[in-house]
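>>> fold the following and give me the result.
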Amino acid sequence: MQYISRALYRDQALSAIRAAILDGDLAPGTPIKDVELAERLGLSRTPVREALARLADEGLVESKPHSYTRVTPLDTTPVRDAHAVVQAMHALAARLAVPRMGEAELTAMRAANDRFATALAAGDVAAALAADDEFHDVAVRVAGNFAVTATIERYTPLVRRLERLRFAAPSGRHSVVAHDGIVAACAAGDADLAARLVERNWATLTREEN
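Numbers count the residues shown, from 1 in each chain. Model (predicted):
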């Protein structure tokens, strides 16, 4: 009989629960019961509990002993803190990347923004998120700063739900124009302007626009 480690079951539970939270299947504030999740995933309670502990470390789940475990609401301090950090790191990535950008990178950004606009027009939030990631990842990759990359990867899951709400609303289409401005600044070699525009673009996740 093949032995399957407990860590593998934990990782399976972690991936499934994290995806359910980020996709909105488990909405902000939703109570979580490890017994029900274990049954739903076809796993025992132990790996599910371990996965929930990891998600609590990531800020996606919060609990109060002997009271509740729930999906973290969007208006909590950890979410606001993560958004501020992700916003700053993307702005820094743009500032570092602009002097290193060539036509290939600019073309990649324009193509990603075209896909982003198409996805928004079609109401395809998942595709819009993917295209937005591709757009911003160009600068992150070109910047080549491992600390910036690691920090963005660490805290983006907390911000992902804000992005999903943003791109599901009509106001999310403002980001297409914002992206065009970022590309123009990059093409002009203006690192300071590009950084400011990137920071302003990420700021819209927590700001209402008409």
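>>> longest helix in this structure, please.
Longest helix in the chain by number of residues (criterion: DSSP state H): helix 146-168.
>>> give me the helices and strands touching that one, please.
helix 6-22, helix 77-97, helix 125-143 (3 or more Cβ pairs under 8 Å, 6 or more residues apart in numbering; DSSP states H and E). C-betas here are computed from N, CA, C, even on glycine.
>>> closest to G172 out of those helices?
Minimum separation from G172 across the helices and strands packed on helix 146-168 (Cβ to Cβ) falls at helix 125-143, 7.3 Å.
>>> what's that closest one in contact with?
90, 92-94, 96-98, 100-101, 105, 108-109, 112-113, 115-116, 118-120, 148-149, 152, 160, 163-164, 167-168, 172, 175, 179, 186, 194, 198 (Cβ atoms under 8 Å, 6 or more residues apart in numbering).
>>> residue contacts, T149?
140, 143.
>>> one step back: could the helices and strands packed on helix 146-168 go into a markdown table alongside distance to L55, mean pLDDT and mean neighbour count?
Converted to a markdown table, those look like this (distance: least, Cβ to Cβ, whole Å; pLDDT from 0 to 100; neighbours: other Cβ atoms under 10 Å):
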| stretch | distance to L55 | mean pLDDT | mean neighbour count |
| --- | --- | --- | --- |
| helix 6-22 | 6 | 87 | 17 |
| helix 77-97 | 12 | 95 | 20 |
| helix 125-143 | 20 | 96 | 20 |
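>>> these: which one's closest to D190?
helix 77-97 (10.2 Å).
>>> off-centre distance for the next helix or strand after the closest one?
Downstream of helix 77-97, the first helix or strand assigned by DSSP states H and E is helix 103-122. Averaging C-alpha positions (Cα atoms, centre = their mean, to the nearest Å) puts helix 103-122 18 Å from its chain's average.
>>> so which bits of helix 103-122 are buried?
105, 108-110, 112-113, 115-117, 119-120 (16 or more other Cβ atoms under 10 Å).
>>> can you list the domains in this protein?
Annotated domains of the chain cover 6-71, 77-206 [automatic domain parsing].
>>> can you tell me which of those domains has the worst average pLDDT?
For the domains of the chain, the weakest mean pLDDT is recorded on domain 6-71, namely a mean of 88.
>>> V142 versus A104, what's the distance?
Plainly put, A104 is 10 Å away from V142 if you go by Cβ to Cβ, to the nearest Å.
>>> how about A187?
Applying Cβ to Cβ, the value for A187 to V142 is 14 Å.
>>> and the contacts of stretch 50-69?
So stretch 50-69 is contacted by 6, 10-11, 13-14, 17-18, 21-22, 31-34, 37, 70-72, 76, 78-79, 82, 157-158 (Cβ under 8 Å, 6+ apart).
>>> export that stretch to CSV, keeping only CA atoms.
Extracted in CSV, the C-alpha atoms of stretch 50-69 (Å, rounded to 0.1, in the frame of the first residue of the first chain):
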residue,chain,number,x,y,z
GLU,A,50,-3.7,22.5,9.6
ALA,A,51,-4.7,24.3,6.4
LEU,A,52,-6.9,26.7,8.3
ALA,A,53,-4.1,27.5,10.6
ARG,A,54,-1.9,28.3,7.6
LEU,A,55,-4.6,30.4,6.1
ALA,A,56,-4.9,32.3,9.4
ASP,A,57,-1.2,33.1,9.1
GLU,A,58,-1.9,34.4,5.6
GLY,A,59,-4.7,36.6,6.9
LEU,A,60,-7.5,34.9,4.8
VAL,A,61,-9.1,33.2,7.9
GLU,A,62,-9.6,34.5,11.4
SER,A,63,-10.7,32.8,14.5
LYS,A,64,-11.6,33.4,18.1
PRO,A,65,-11.0,30.5,20.5
HIS,A,66,-14.2,28.7,21.5
SER,A,67,-16.2,31.2,19.5
TYR,A,68,-15.8,31.2,15.7
THR,A,69,-13.6,30.6,12.6
